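Novice: Quick one, what's the 3D model for this:
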Amino acid sequence: MDSRKLKMVRRKRMRQVRSQKMAKRSASLATLLLSSWGGGYPAAVHSLSPSSRGQRYIPRVGEIIGGRHSFFTAGSSSSTTALPCQLLGMNAAHPTSFSFSFRGFARRGGITDVHSDGWGLAFYEGRGLRTFHDSASASESVVARMVEEYPVKTVNMLAHIRYATAGEVCLENVHPFQREMWGIIWCFAHNGDVPLFKSKLKTAHAWIGDVPGERV
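Specialist: As a prediction, this is how the structure comes out:
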């Protein structure tokens, strides 16, 4: 085999290897999106921010954050205690639709779980951040139904359903929160309470809501 043919064979092999790696990464992401609903992931604090190259940084491909799942049935006398809030995140190598994953996640807001005190979702479009918030439960929200049906594709997405333990049930207290600081659009959501936060405040930003997480 001459050198020209050998180079062609090597290039073809390299393309095949890259294709296999991409398929494996996509499969891992889909698997973790589904498996995270079954529990086993610890409560988490999570933020999104752009890197110096304009790309959005969240955990590596396939890494999902969220709270442990607590199954709830209306009228049940079970003593199972739900965690305060739950989160769903996606980081993909290429723009990907999250409608299927979000549809199941939204059902936790009052149907398959008790997290019905509002919901929010944020995803990056180019260098901008698009957000949706509603104080109604995700399972009953007209806005949530619109998001489920709209063909959105992105590489970074963060969603949150709330079970209020601090602050009122209102639109201002719904996660994710966003701020533009140092020329960067930041997006933040968390699970659980933030104790003694007032003693740690050192800035004078004009906060919108009254939950600790917005001030972190």
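Novice: Report the buried residues of the lengthiest strand in the chain.
Specialist: When the chain is parsed with DSSP state E, its longest strand is strand 85-97. By neighbour count with 16 or more other C-beta atoms under 10 Å, strand 85-97 contains the buried residues 85-92, 96. In this view, the C-beta of every residue, glycine as well, is placed from N, C-alpha and C.
Novice: Which strands or helices does that strand pack on?
Specialist: helix 3-35, helix 99-106, strand 153-162, strand 184-190 (3 or more C-beta pairs under 8 Å, 6 or more residues apart in numbering; DSSP states H and E).
Novice: So in that sheet, which strands flank that strand, and in what orientation?
Specialist: Sheet pairing of strand 85-97 (DSSP bridges) gives strand 153-162 (antiparallel).
Novice: Run the angle between the strand it pairs with and strand 184-190 for me.
Specialist: 40 degrees (axes from the mean of the first three to the mean of the last three C-alpha atoms, to 10 degrees).
Novice: ok, residues contacting the helix or strand just after strand 153-162?
Specialist: The helix or strand immediately downstream of strand 153-162 is strand 177-181, counting by DSSP states H and E. Contact with strand 177-181 is made by 122, 129, 131, 185-189, 205, 213-214, as judged by C-beta atoms under 8 Å, 6 or more residues apart in numbering.
Novice: Okay, now the sheet partners of strand 177-181, with direction.
Specialist: Sheet partners assigned to strand 177-181 using DSSP bridges are listed as strand 184-190 (antiparallel).
Novice: For the partner strand, C-alpha coordinates in CSV please.
Specialist: Extracted C-alpha coordinates of strand 184-190, given in CSV (Å, rounded to 0.1, in the frame of the first residue of the first chain):
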residue,chain,number,x,y,z
ILE,A,184,-20.7,37.9,32.3
ILE,A,185,-24.3,36.7,32.6
TRP,A,186,-24.4,34.3,35.5
CYS,A,187,-27.2,31.8,36.2
PHE,A,188,-27.6,30.1,39.7
ALA,A,189,-29.9,27.7,41.4
HIS,A,190,-29.6,25.6,44.5
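Novice: Endpoint to endpoint, stretch 161-178 covers what distance?
Specialist: The first and final residues of stretch 161-178 sit 16 Å from each other (C-alpha to C-alpha, to the nearest Å).
Novice: Count the neighbours of residue 193 for me.
Specialist: Number of residues near residue 193 (other C-beta atoms under 10 Å) recorded here: 14.
Novice: next one: residue 125
Specialist: 12.
Novice: And it, how far from residue 185?
Specialist: 11 Å (C-beta to C-beta, to the nearest Å).
Novice: List the residue ranges of this structure that fall below the pLDDT cut-off.
Specialist: For the chain, the stretches with pLDDT under 70 are 1, 19-83, 196-197, 199-208, 214-216.
Novice: Try it again at 80.
Specialist: 1-9, 11-12, 14-84, 127, 165-167, 181-184, 192-216 (pLDDT under 80).
Novice: before we move on, the earlier item: quick one, which of the contacts of strand 177-181 are buried?
Specialist: Looks like those have 122, 129, 185-189, 213-214 buried, using 16+ other C-beta under 10 Å.
Novice: Would you mind giving those residues as JSON lines with distance to residue 114 added?
Specialist: Formatted as JSON lines, the buried ones among the contacts of strand 177-181 follow (distance: C-beta to C-beta, whole Å):
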{"residue": "122", "distance to residue 114": "23"}
{"residue": "129", "distance to residue 114": "29"}
{"residue": "185", "distance to residue 114": "32"}
{"residue": "186", "distance to residue 114": "29"}
{"residue": "187", "distance to residue 114": "25"}
{"residue": "188", "distance to residue 114": "23"}
{"residue": "189", "distance to residue 114": "18"}
{"residue": "213", "distance to residue 114": "19"}
{"residue": "214", "distance to residue 114": "22"}
